[in-house]
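**Student:** Okay, here's the prediction I keep looking at, along with the sequence it came from:
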Amino acid sequence: MTTKQLITEAISLPVEERALIVDSLLKSLNPTESDNENAWVKKAQFRLQELRSGKVTAVSGDEVINSLWNRFHQ
């Protein structure tokens with residue numbers, strides 16, 4: 001099978017399967033260090049739990065940008 005044929009076949013797949021292929025290909029080009037990736041996953045899960053429990057409140061991206069802008073451009 002040629003590369004062109006492979007691409008044609010991949011494009012015809014459902015979006016979920018195409019996303020899986022893209023993710024797999026990208027990971028093969030830029031492999032992650034599993035320890036670091038696992039640490040980030042744990043941290044993200046912890047932060048999500050804090051958010052859902054109400055322990056912390058979310059801040060919009062606009063608020064963060066405005067705060068940083070004001071802090072560093074005075």
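**Tutor:** Sure, I can see it.

**Student:** on contacts alone, who are the packing partners of the one helix or strand Glu17 maps to?
**Tutor:** Taking DSSP states H and E as the definition, Glu17 sits inside helix 15-29. Other elements packing on helix 15-29 under the criterion 3 or more Cβ pairs under 8 Å, 6 or more residues apart in numbering; DSSP states H and E are helix 3-11. (Glycine included, C-beta is placed from N, CA and C.)

**Student:** Show me the contact partners of the helix it packs on.
**Tutor:** Contacts with helix 3-11, where a contact means Cβ atoms under 8 Å, 6 or more residues apart in numbering, come from 1, 18, 21.

**Student:** try it again with 6 Å
**Tutor:** Under the contact criterion Cβ atoms under 6 Å, 6 or more residues apart in numbering, helix 3-11 has outside partners Ile21.

**Student:** average pLDDT for it?
**Tutor:** Mean pLDDT, helix 3-11: 95.

**Student:** do the same with stretch 66-73
**Tutor:** Averaged across stretch 66-73, the pLDDT comes to 93.

**Student:** Now tell me what touches the longest helix anywhere in the chain from outside.
**Tutor:** Among the elements of the chain assigned as helix by DSSP state H, the one spanning the most residues is helix 34-53. Helix 34-53 is touched from outside by Val56, with contacts defined as Cβ under 6 Å, 6+ apart.

**Student:** now it against helix 15-29, angle please.
**Tutor:** Between helix 34-53 and helix 15-29, the angle comes out at 140 degrees (axes from the mean of the first three to the mean of the last three Cα atoms, to 10 degrees).

**Student:** pull the CA atoms of helix 34-53 into PDB?
**Tutor:** Below are the C-alpha coordinates for helix 34-53, written out as PDB (Å, rounded to 0.1, in the frame of the first residue of the first chain):
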ATOM      1  CA  SER A  34       5.800   8.400  30.700                       C
ATOM      2  CA  ASP A  35       6.800   9.500  34.300                       C
ATOM      3  CA  ASN A  36       6.300  13.200  33.400                       C
ATOM      4  CA  GLU A  37       3.100  12.400  31.500                       C
ATOM      5  CA  ASN A  38       1.700  10.400  34.500                       C
ATOM      6  CA  ALA A  39       2.600  13.200  36.900                       C
ATOM      7  CA  TRP A  40       0.700  15.700  34.800                       C
ATOM      8  CA  VAL A  41      -2.300  13.400  34.500                       C
ATOM      9  CA  LYS A  42      -2.400  13.000  38.300                       C
ATOM     10  CA  LYS A  43      -2.100  16.800  38.800                       C
ATOM     11  CA  ALA A  44      -4.900  17.500  36.300                       C
ATOM     12  CA  GLN A  45      -7.100  14.900  38.000                       C
ATOM     13  CA  PHE A  46      -6.400  16.500  41.400                       C
ATOM     14  CA  ARG A  47      -7.200  20.000  40.100                       C
ATOM     15  CA  LEU A  48     -10.400  18.800  38.500                       C
ATOM     16  CA  GLN A  49     -11.500  17.200  41.700                       C
ATOM     17  CA  GLU A  50     -10.800  20.400  43.600                       C
ATOM     18  CA  LEU A  51     -12.800  22.400  41.000                       C
ATOM     19  CA  ARG A  52     -15.800  19.900  41.100                       C
ATOM     20  CA  SER A  53     -15.800  19.800  44.900                       C
END
